[in-house]
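In: coords below, sequence missing:
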């Protein structure tokens, strides 16, 4: 998570449940929500992403387990976050 702070990206978490993520985001504004696979609770990753954006204005990047989209590759996550932030900024 140090690389996120170095890039000036504010974050909270991790949170295993969508409700916890919403509470954390209410308490501390975030630059971008990273939503991983395996989220528990009534909301799936897409529903959480939509609610974070509509309620708190927090854009999200939903991480996939698809091997063709390996977000764990060095630098890949930062590249994807920059793209998601740029898209969210352009839409605002």
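Out: Received, thanks. It should be emphasised that the depicted structure is a prediction, and the values quoted were computed from it without experimental measurement.

In: Run through the helices of the chain in chain order.
Out: 2-6, 18-27, 45-56, 76-91 (DSSP state H).

In: which one of those helices has the lowest average pLDDT?
Out: Note on the helices of the chain: helix 76-91 shows the lowest mean pLDDT, a mean of 66.

In: Residue 51 and residue 7: what is the separation?
Out: For residue 51, the distance to residue 7 equals 25 Å [Cβ to Cβ, to the nearest Å]. Backbone N, C-alpha and C define where each C-beta goes, glycine included.

In: Show me which of these two is the more surrounded one.
Out: Taking residue 51 and residue 7 together and counting by other Cβ atoms under 10 Å, residue 51 has the greater number of neighbours (18 against 12).

In: Would you agree the more buried one is in contact with residue 43?
Out: Yes: here residue 51 reaches residue 43: they are 6.9 Å apart, a contact under Cβ atoms under 8 Å.

In: so what's the closest residue to residue 33 other than its chain neighbours up against?
Out: In space, residue 33 comes closest to residue 60 once its chain neighbours are excluded; the distance is 4.1 Å by Cβ to Cβ, 6 or more residues apart in numbering. Taking Cβ atoms under 8 Å, 6 or more residues apart in numbering, we find residue 60 in contact with 32, 33, 34, 35, 48, 49, 52, 53, 84.

In: Repeat that for residue 27.
Out: So residue 27 contacts residue 12 (Cβ under 8 Å, 6+ apart).

In: Now do the same contact list for residue 21.
Out: 12, 13, 15, 33, 35, 48, 52.

In: Next, work out how far apart it and residue 32 are.
Out: Distance, residue 21 to residue 32, by Cβ to Cβ: 12 Å.

In: Let me see the residues that make contact with stretch 44-54.
Out: Stretch 44-54 has contacts (Cβ under 8 Å, 6+ apart) with 18, 21-22, 25, 33, 35-37, 39, 43, 58-60, 62, 88.

In: Number of residues surrounding residue 36?
Out: 16.

In: Could you do residue 32 as well?
Out: Using other Cβ under 10 Å, residue 32 has 19 neighbouring residues.
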